[in-house]
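**Q** I need the structure of the sequence given here:
(one chain, ligands or ions: 2)
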Amino acid sequence: MKNQKHLARLILAVVAAWVSLPASACAQASAADRTDASSSDTASFRTSVASVRLAAASALESAVLSLSGSARMHGASGSVHATVLNPGEELPLTVDLPRGMEILYVASGVALPRDTIPGTPGQPGAWDVLLRMGDVTKRVPDLRVFTSLPLASGQKGRIGKYLVGSWPDEKSGSYAPPAGLVEVTEDNADLRVSEHVRLRDYLTKGQNDVWPKYVVLDARVLDKLELTIDELESAGHEIEHVGVISAFRTPWYNANGGSTAGRGQLSRHMYGDAIDVYVDNDRNGQMDDLNGDGRVDRKDTGILASAAERVERDQPHLVGGIGIYTARPGAHSGFVHIDARGTQARW
Ligand SMILES: [Ca+2]
Ligand SMILES: [Ca+2]
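**A** Numbering: from 1, shown residues only. Ligands and ions are numbered 1, 2, ... in the order given. Take a look at the predicted model:
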């Protein structure tokens, strides 16, 4: 009975903090707290607990729906899963959570049992987001928060053993060095950052045995890509899979890695807001024949680029570069570069 009274008081505390709770549930919970004076009616107590939990579940459900529909976190496409928080930044909620409801973070993509962390995690990592009210908890689907590592942690162009290089010394604007880097581990590399892209797709080539690795990830280009895919589908091209040639490139790799021909010194790939992609529904590592003429050529990459053009027209905040690369035998079968640099560029 003592435990029950304690629980009832706890529930009442939640109820008091939560103005939207139905009056009937409050009355039942109050009745439960008076059991020492009136009776030991445990059935009534159980009913009140069930009512409060049901109401908490319902409030959580609607809060989760609000977060799931938030363009701030999922983009205009609704298909972006990654929200990157710079050091010290909090989740940009677009709705006020009811009083008594809190946000919890739990490490994402790890196999072992996990602790929940209230408040924004201080250390870099990938997190699933949970909402809790009283003792009821609900996970927010398709939302992954990445807390980034301050760039100042890099020493002499390396973070740990991972060679990054250094960004040009611009003070501000879109060419200023990124505030933070997202840590990629063997455990979290397969997490989806949008419906068609995984964190792994962002990795710079090379340094295969070095973990963790680091990337810069600007979710706006993911939104632009997912909207481009929506455009293609509206035009009758079903898209199941896109291949990613390159997304983030460390400054070191941009200057020294692979074939550097045709690479800009200030490539947007170093700033995490560029992605080179091709449609690859048959997953053969080659651009697909989108127009069905039996050949894979510039007409097919052109269809992809035109879809990105239409996205830019409708979403001026995603303006940036669109570049078509024709096939280079032995290297690739053609792809389209898409970025969200903030000013229009075409090639
Ligand atoms: Ca293909
Ligand atoms: Ca074709």
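**Q** Who are the contact partners of A179?
**A** N86, P87, S148, P150, L151 (CB atoms under 8 Å, 6 or more residues apart in numbering). The C-beta positions use only the backbone N, C-alpha and C, and glycine is treated the same way.
**Q** again with V64
**A** The neighbours of V64, taking CB under 8 Å, 6+ apart as the test, are L131, K138, R139, V140, P141.
**Q** now do 10 Å
**A** V64 makes contact with V129, L130, L131, K138, R139, V140, P141, L143, according to CB atoms under 10 Å, 6 or more residues apart in numbering.
**Q** Not counting its neighbours along the chain, what's nearest the residue nearest the centre of the chain?
**A** Taking CA atoms, centre = their mean, the centroid of the chain lies closest to A82, which sits 0.6 Å from it. Closest residue to A82 apart from its sequence neighbours, by CB to CB, 6 or more residues apart in numbering: V193 at 3.9 Å.
**Q** where does that neighbour land on pLDDT?
**A** The model reports V193 with a pLDDT of 97.
**Q** Flag every buried residue along the lengthiest helix in the chain.
**A** As assigned by DSSP state H, the longest helix anywhere in the chain is helix 42-68. By neighbour count with 16 or more other CB atoms under 10 Å, helix 42-68 contains the buried residues 44-45, 47-49, 51-53, 55-56, 59-60, 63-64, 67.
**Q** Residues in contact with whichever strand or helix holds the residue nearest to A82: which ones?
**A** Using DSSP states H and E, V193 sits within strand 192-194. Residues outside strand 192-194 that contact it (CB under 10 Å, 6+ apart): 74-75, 77, 79-84, 126, 142, 144, 146, 182, 198-202, 215, 217, 219, 221-223, 225-226, 229, 247, 275.
**Q** same thing but 7 Å
**A** By CB atoms under 7 Å, 6 or more residues apart in numbering, the surrounding residues in contact with strand 192-194 are S79, V80, H81, A82, R198, L199, L217, L222, E226.
**Q** Ok, stretch 134-142 next?
**A** Residues outside stretch 134-142 that contact it (CB under 7 Å, 6+ apart) are 11, 14, 52-53, 56-57, 60-61, 64, 67-68, 81, 128-131.
**Q** now do stretch 286-296
**A** Applying CB under 7 Å, 6+ apart, the contact partners of stretch 286-296 are 237, 278-282, 299-301, 303, 333-335.
**Q** taking these as a set, which two sit the farthest apart in space?
**A** Pairwise distances across those peak at 17.9 Å for D282 and K299 (criterion: CB to CB).
**Q** re the thing from before, next one, pLDDT for the residue nearest to the centre of the chain please.
**A** Looking at A82, its pLDDT is 96.
**Q** Kindly report the same for the one 10 residues further on.
**A** pLDDT for P92: 84.
**Q** For the closest residue to D201 other than its chain neighbours, list the residues it contacts.
**A** Setting aside the residues directly before and after it, D201 is nearest to V244 in space (CB to CB, 6+ apart), at 3.9 Å. Contact analysis of V244 by CB under 7 Å, 6+ apart lists V197, D201, I275, D276, V277.
**Q** The first one reaches V221, doesn't it?
**A** No - counting by CB atoms under 7 Å, V197 stays clear of V221, with 9.5 Å between them.
**Q** Show me which of the two is the more surrounded one.
**A** Per other CB atoms under 10 Å, whichever of V197 and V221 has more neighbours is V221, with 27 against 24.
**Q** Correct me if wrong: the more buried one contacts H337.
**A** No - in this structure V221 lies outside contact range of H337 using CB under 7 Å: 10.3 Å.
**Q** Not including adjacent chain positions, what is the nearest residue to W211?
**A** With CB to CB, 6+ apart, the residue lying closest to W211 is E186, at 5.5 Å.
**Q** Pull up the gap between that neighbour and K213, please.
**A** 9 Å (CB to CB, to the nearest Å).
**Q** what about those two, which has more around it?
**A** K213 (28 against 11).
**Q** Just put the contacts of A179 in CSV and tack on pLDDT.
**A** Formatted as CSV, the contacts of A179 follow (pLDDT from 0 to 100):
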residue, pLDDT
N86, 83
P87, 70
S148, 94
P150, 90
L151, 86
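**Q** Point out the residues in this protein that sit beside ligand 2.
**A** Taking CB under 5 Å from the ion, the part of the chain that reaches ligand 2 is made up of D289, N291, D293, R295, D300.
**Q** Next one, pLDDT for the second one please.
**A** Each residue has a pLDDT score; the one for N291 is 97.
**Q** And P168, by the same measure?
**A** pLDDT recorded at P168 is 89.
**Q** quick one: the helices in the protein?
**A** For the chain, the helices defined by DSSP H occupy 2-17, 23-33, 42-68, 71-74, 219-234, 251-256, 298-314.
**Q** Just list the residues touching V106, thanks.
**A** Counted by CB under 7 Å, 6+ apart, V106 has contacts R114, T116, W127, D128, L130.
**Q** Quick check: the gap between A235 and I303.
**A** In terms of CB to CB, A235 sits 8 Å off from I303.
**Q** Give me the more crowded residue out of those two.
**A** I303 (18 against 12).
**Q** Find the nearest non-adjacent residue to that one, please.
**A** Closest to I303 by CB to CB, 6+ apart is L290, at 4.7 Å.
**Q** Point out where the stretch 1-150 of the chain drops to low pLDDT.
**A** Low-confidence segments of the stretch 1-150 of the chain (pLDDT under 70): 1-40, 110-114.
**Q** can you tell me the residue of it closest to ligand 1?
**A** S79 (21.2 Å; CB to the ion).
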